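> Pasting the sequence and the predicted coordinates here, then a few questions.
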Amino acid sequence: MSVFDNPEQLRQLQNLLNPNQRRPGLEYSSSEDEDDSMVVHKMTPGGIGPSRTPGTSTKARSKRKPNPLATPLVEEQKKQPDNLEEWQLQQEREDNDILDSRKMPEYTITYRQAVGTEDVFLQMGNRTGSTASCEDLIMEVFMPDEEMTADKMSLSLQENEVDLGTCLYRLRLPLPHPVDVDRCQAKYDSEQRRLRLTLRLRRELDYVNF
């Protein structure tokens with residue numbers, strides 16, 4: 001026996017699917033009209049999950065702590081200068097970077113590790129083959145067309161940045177790790193036109209890796 005053979009079952013199915021639909025030939029009271037005028041909330045994909053009120057949604061998002069391991073989608077804001085002199089230096093530096101027409105030289109960055117006999121054969125220390133166990137950062141800058149001597153080049157080294165300037169080249173590069181400025185060395189090879197920087201790393205967990 002099919003469901004379509006019984007009209008009463010069809011009406012029950014209609015009432016189940018459309019409970020607020022009016023049927024001709026039936027009288028409805030005022031209370032039923034008030035119930036029908038109320039908005040019926042239907043389930044949508046946006047209704048999945050905990051209920052949110054419109055006033056607290058933005059506040060809850062603002063209170064969330066940022067994930068330090070996630071890749072930021074927006075660049076971090078630059079540190080604002082504390083006084084007028086710092087602001088002027090920052091503006092001059094940005095203007096020089098924009099108006100500078102010198103080429104950026106090619107460079108390479110490698111890591112160097114001081115390995116002794118006890119590390120190679122006895123393996124007594126905590127050193128590994130990773131960059132975490134390297135003490136120095138070797139940076140080589142190639143300037144094949146440069147005729148300037150080493151004493152006339154401008155080299156500024158900070159804890160997190162290297163700034164090199166010559167007549168033809170300009171290299172301003174942030175460093176991947178902080179360095180100890182007092183223990184760094186620079187050597188220029190005039191025949192190969194190559195500047196070699198030996199930067200001593202100063203990281204937070206160096207006392208564990210060495």
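Now that the structure is in, tell me what you want to look at.
> Let me see the ranges of the helices in this protein.
Along the chain, the segments classed as helices by DSSP state H run 7-17, 30-37, 57-63, 84-99, 117, 206-209.
> weakest of those helices in terms of mean pLDDT?
Summarising mean pLDDT across these, the least confident stretch is helix 30-37, with a mean of 49.
> Low-confidence ranges, the chain, go.
Along the chain, segments meeting pLDDT under 70 span 1-4, 19-78, 208-210.
> can you pull out the strands in it?
106-112, 136-142, 154-157, 161-165, 170-174, 185-189, 194-200 (DSSP state E).
> elements contacting the third one?
Spelled out, it's strand 154-157. Judged by 3 or more CB pairs under 8 Å, 6 or more residues apart in numbering; DSSP states H and E, the packing partners of strand 154-157 are strand 161-165. For the C-beta atoms, the positions are set from N, CA and C on the backbone; glycine is no exception.
> Report the angle between the strand it packs on and strand 136-142.
Here the directions of strand 161-165 and strand 136-142 differ by 20 degrees (axes from the mean of the first three to the mean of the last three CA atoms, to 10 degrees).
> ok, and the closest non-adjacent residue to residue 142?
Spatially, and ignoring its direct neighbours in sequence, residue 142 is nearest to residue 106 (4.8 Å; CB to CB, 6 or more residues apart in numbering).
> so which of the strands of the chain gets nearest residue 8?
Of all the strands of the chain, strand 170-174 sits nearest to residue 8, with 79.0 Å by CB to CB.
> Would you mark the buried spots in the closest one?
Residues of strand 170-174 classed as buried by neighbour count (16 or more other CB atoms under 10 Å): 170-171.
> CA atoms only: put that strand into PDB for me.
As requested, the backbone C-alpha atoms of strand 170-174 are provided in PDB (Å, rounded to 0.1, in the frame of the first residue of the first chain):
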ATOM      1  CA  ARG A 170      73.900  49.600  -2.100                       C
ATOM      2  CA  LEU A 171      72.900  46.700   0.100                       C
ATOM      3  CA  ARG A 172      70.600  47.100   3.100                       C
ATOM      4  CA  LEU A 173      69.700  43.700   4.500                       C
ATOM      5  CA  PRO A 174      68.000  42.500   7.700                       C
END
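> From the contact counts, what lies against it?
Identification of packing neighbours for strand 170-174 by 3+ CB pairs under 8 Å, 6+ apart yields strand 161-165.
> dump the residue contacts of residue 111.
Under the criterion of CB atoms under 8 Å, 6 or more residues apart in numbering, the neighbours of residue 111 are 131, 134, 136-138.
> Considering those, which is situated nearest to residue 122?
Each of the contacts of residue 111 was scored against residue 122 by CB to CB, and residue 134 proved nearest at 19.8 Å.
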